[in-house]
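Engineer: show me how the following folds:
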Amino acid sequence: MGSAELGAVISVVFTLVGVCGSFAAVLVGFAVMAFVLSRVVKGLSAANARPATARSAPATVVSVADTGVTLNDNPQVRVTVQLHPEGAAAYQASFSMFVSRVQTAQFQPGSLLDVWYDAANPQKIGLVRALGSVEAYAPDGGVKPDVLEVVRAMITSQALTEALASAPEQPATVVACRELGLYCGGRNPFVELLVEVRPVDGSPFAATATGVVAQLSVGKYAAGNQVFVRVDPANRERVALSRSA
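Structural biologist: Take a look at the predicted model:
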């Protein structure tokens, strides 16, 4: 059901309430509204369901349009993005979603997103997460080539952090820290750390870990400081940054 149909149904409901003026009509009216809204939400969920043929890609917001529909005071917006699939040409596509009013800044033109697209139908896309901002992006909605690989690295890093969320923390010493030019939630930098991991049940080993750190906490990741990481028990080359000491 589209936004126009939803508006028509709501208009009929309020007309019914105004004409009848009875408590029963009010109950019926709001029951119909609740049913219609549930159908809209279920329809959006089905339309945005991630298929088995989905692939991940970085994307830059090109434009955002308000659809005129709100849910719990959160607007539904139509987001047009430029996708950058690995090994394929960039292209534009759109998707709809409800956005909290406090998160609208994450979906302004130029913002970076991690999206999925259906390899069998590339125009079908959906949001995975908002990535933040980039120091330099092309004005046509693209991402400069020297930045694009870092964007892919951020997507991989965040996926790895989620995958290792249940792995135990391991102490590590920072050997070097490098900011990579991407920022989330304002000026919180995406960094690459060279660390010496000191497992509680094994020998120390060198590793690379990436992640987003709070701007005010960057100093805690300087060389010589202790941090905590999570290590894939099946492959210790897969290391995710957890927190500072």
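Engineer: contacting residues around the residue lying closest to Asn225 once chain neighbours are set aside?
Structural biologist: Leaving aside its sequence neighbours, Asn225 sits nearest to Val174 (C-beta to C-beta, 6 or more residues apart in numbering; 5.1 Å). Backbone N, C-alpha and C define where each C-beta goes, glycine included. Contacts for Val174 (C-beta atoms under 8 Å, 6 or more residues apart in numbering) come out as Leu193, Leu194, Val195, Tyr221, Ala222, Ala223, Gly224, Asn225, Gln226, Val227.
Engineer: Val174 and Tyr117, how far apart?
Structural biologist: For Val174, the distance to Tyr117 equals 36 Å [C-beta to C-beta, to the nearest Å].
Engineer: element containing the residue most central in space within the chain, please.
Structural biologist: Central residue of the chain (C-alpha atoms, centre = their mean): Arg129, 0.6 Å from the mean position. In the assignment (DSSP states H and E), Arg129 maps to strand 121-134.
Engineer: state the mean pLDDT of that strand.
Structural biologist: On average, the pLDDT along strand 121-134 is 86.
Engineer: using TSV, please lay out the contacts of Val174 together with neighbour count.
Structural biologist: Listed next are the contacts of Val174 as TSV, based on neighbours: other C-beta atoms under 10 Å:
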residue	neighbour count
Leu193	23
Leu194	16
Val195	27
Tyr221	23
Ala222	10
Ala223	12
Gly224	7
Asn225	15
Gln226	13
Val227	24
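Engineer: Thr210: which of those is nearest?
Structural biologist: Checking the contacts of Val174 against Thr210 by C-beta to C-beta gives Leu193 as the nearest, at 7.1 Å.
Engineer: tell me the contacts of that closest one?
Structural biologist: Counting by C-beta under 8 Å, 6+ apart, the residues that Leu193 touches are Val174, Val175, Ala176, Cys177, Arg178, Thr208, Ala209, Thr210, Gly211, Tyr221, Val227, Leu241.
Engineer: name every strand pairing with the longest strand along the chain and say which way it goes.
Structural biologist: Secondary structure of the chain per DSSP state E: the longest strand is strand 54-71. Strand 54-71 has the following sheet partners, assigned by DSSP bridges: strand 74-83 (antiparallel), strand 112-118 (antiparallel).
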